[in-house]
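**Student:** Here is my input, please return the structure:
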Amino acid sequence: MKIKAYFEETWNELVHKVSWPTWAELQNSAMIVMIGTVIISLLIFAMDISFRNIMEMVYSLFY
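**Tutor:** Prediction:
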């Protein structure tokens with residue numbers, strides 16, 4: 001009986017209480033996430049290249 005009540009309450013909350021975004025809001029959010037992902041990946045790429053160059057310089061001092 002508890003499981004049935006749980007599913008009924010869950011369904012009621014999803015249908016009546018949750019505010020779902022519109023299609024335009026979803027598109028805007030997806031675009032923001034994609035732009036943020038590209039920016040962060042470019043920053044990580046730049047840090048990786050910089051670290052590699054610094055480490056090559058340090059290793060060249062000893063070999």
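**Student:** what about the residue nearest the centre of the chain, distance to residue 60?
**Tutor:** The chain has residue 33 as the residue nearest its centroid, 6.7 Å off, counting by Cα atoms, centre = their mean. Distance of residue 33 to residue 60, computed by Cβ to Cβ, to the nearest Å: 41 Å. Using the backbone N, CA and C atoms, a C-beta is placed for each residue, glycine as well.
**Student:** Ok, residue 15 next?
**Tutor:** For residue 15, the distance to residue 60 equals 66 Å [Cβ to Cβ].
**Student:** Let me know the average pLDDT across the longest helix seen in the chain.
**Tutor:** In the chain, assigned by DSSP state H, the helix with the most residues is helix 23-62. Here helix 23-62 scores 97 as its mean pLDDT.
**Student:** And that helix, how far out from the chain middle?
**Tutor:** Averaging C-alpha positions (Cα atoms, centre = their mean, to the nearest Å) puts helix 23-62 14 Å from its chain's average.
**Student:** what do you get for stretch 17-36?
**Tutor:** 13 Å.
**Student:** got it, and stretch 12-20?
**Tutor:** Distance of stretch 12-20 from the chain centroid (Cα atoms, centre = their mean) equals 24 Å.
**Student:** And residue 40, how far from residue 33?
**Tutor:** When residue 40 is compared with residue 33 (using Cβ to Cβ), they lie 10 Å apart.
**Student:** Please apply the same query to residue 3.
**Tutor:** Distance check for residue 3 against residue 33: by Cβ to Cβ, it reads 36 Å.
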